[in-house]
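Engineer: Make a model of this:
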Amino acid sequence: MSVTDWVLFGFIILLFGYAIYDEFIMPRRHGKTILHIPLLRKTRLDSLIFVALIAILLYRNMTNGGRPFTTYLLVMVALLSVYLAYIRQPKLLFKPSGFFFANAFIDYQRIKSMNLTEDGVLVFGLDSGNLPIELHRIDDLGKITELFSRQETQPMTKSS
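Structural biologist: Residues are numbered from 1 along each chain as shown. So this is what the prediction gives:
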């Protein structure tokens, strides 16, 4: 295997690992998921450019008599990129002690304020700055508000 093949193989392992973490591991971390909210996709154009660049590399590899193994690796990177950008839905997962946003866990204790902008963007004011969250459906705001009002009336217990 060439250095290029090793780099492509490394990217495949990283992308596949991220996909498994996002779909299977993250929903099970920090307790049971109380509320699952789909988010708006933001990186469609960036992903399209990335897949187009991989398609160019794939074309160049095939026309210049490149190794078939490199072709398979490029196809795998393109398929994983399409899955992560267009098939997988970004999500906001609320847990008993906090929530996952962009694969980062944010404890409820860090939230100082919660606001809604005129364009329907939910903004959590954290101790380290603001966290804007663009929801896929505006109706999900009611579910989030209900969750936080329920949390204020009865404290959620930590479960492991």
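Engineer: quick one, helices of this protein?
Structural biologist: Applying DSSP state H to the chain gives helices spanning 3-20, 44-63, 68-82, 140-153.
Engineer: got CSV for the ones you listed, with mean neighbour count, distance to residue 113 and mean pLDDT too?
Structural biologist: C-beta here means a position set from N, CA and C on the backbone, and glycine is covered the same way. Formatted as CSV, these follow (neighbours: other C-beta atoms under 10 Å; distance: least, C-beta to C-beta, whole Å; pLDDT from 0 to 100):
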stretch, mean neighbour count, distance to residue 113, mean pLDDT
helix 3-20, 13, 31, 92
helix 44-63, 13, 30, 90
helix 68-82, 16, 36, 91
helix 140-153, 12, 11, 77
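Engineer: Now residue 139. Its backbone dihedrals?
Structural biologist: Phi and psi for residue 139, reported as degrees, to the nearest 10, are phi -60, psi -20.
Engineer: Would you mind giving the helices of the chain as a markdown table with distance to residue 110 added?
Structural biologist: Below are the helices of the chain laid out as a markdown table (distance: least, C-beta to C-beta, whole Å):
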| stretch | distance to residue 110 |
| --- | --- |
| helix 3-20 | 24 |
| helix 44-63 | 29 |
| helix 68-82 | 32 |
| helix 140-153 | 14 |
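Engineer: Relative to residue 32, which of those helices is closest?
Structural biologist: helix 140-153 (13.3 Å; C-beta to C-beta).
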